[in-house]
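1. What shape does this take:
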Amino acid sequence: MARTPKPTDAELAILRVLWTRGASTVREVHDAMAGARSVAYTTTLKTMQVMTEKELIAREDQRGQHVYHARHAEEETLRTLVTDLLDRAFGGSTSRLVIQALNSRRASPDELREIRRLLAAQTTVKKRGKDHD
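-> This is a model prediction of the structure:
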């Protein structure tokens with residue numbers, strides 16, 4: 001399986017728009033980002049052309065318009081970014097990453113519930129694995 005390319009910050013901003021809106025023209029992406037980033041339309045266009053070459057997004061012609069969509073699911077891209085961060089910054093230590101994340105930003109009650117659920121699921125999987133050894 002081919003690795004998901006790692007997007008730059010600007011490319012990730014464009015991907016967020018495409019994941020949220022679905023297939024969109026350059027103008028639609030540019031307008032959606034207008035509040036968050038002040039870049040020229042030509043910069044958005046050029047970035048999307050580069051993203052097409054990197055196979056982060058794909059372009060289709062629909063009724064004379066170029067429409068773009070993300071080539072990789074959001075989960076897949078985020079997993080690639082987190083794995084890279086985990087390896088580079090935390091030496092592969094999941095616990096160090098989680099501890100740093102929780103110390104850096106306050107988690108919402110919903111986020112904490114999800115974290116507890118994931119931890120419980122991990123514990124259950126590990127116990128089952130030991131029972132079958």
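2. For residue 22, see how far away residue 49 is.
-> In this view, residue 49 and residue 22 are 20 Å apart by C-beta to C-beta, to the nearest Å. Where you see a C-beta, it was placed from the backbone N, CA and C, and this is true even at glycine.
3. quick one: low-confidence parts of this protein?
-> For the chain, the stretches with pLDDT under 70 are 1-2, 36, 126, 129-133.
4. Now do the contacts for residue 58.
-> 52, 68, 69, 71 (C-beta atoms under 8 Å, 6 or more residues apart in numbering).
5. and the second one, that's in a strand?
-> Yes. In this structure, residue 68 lies within a strand as judged by DSSP: H, G, I helix; E, B strand; the rest coil.
6. Count the neighbours of it for me.
-> Neighbourhood size, residue 68 [other C-beta atoms under 10 Å]: 23.
7. May I have the beta-bridge partners of it?
-> residue 24, residue 59 (DSSP bridges).
8. Residue 22 is in contact with that one, correct?
-> No. Judged on C-beta atoms under 8 Å, residue 68 makes no contact with residue 22 at a distance of 10.1 Å.
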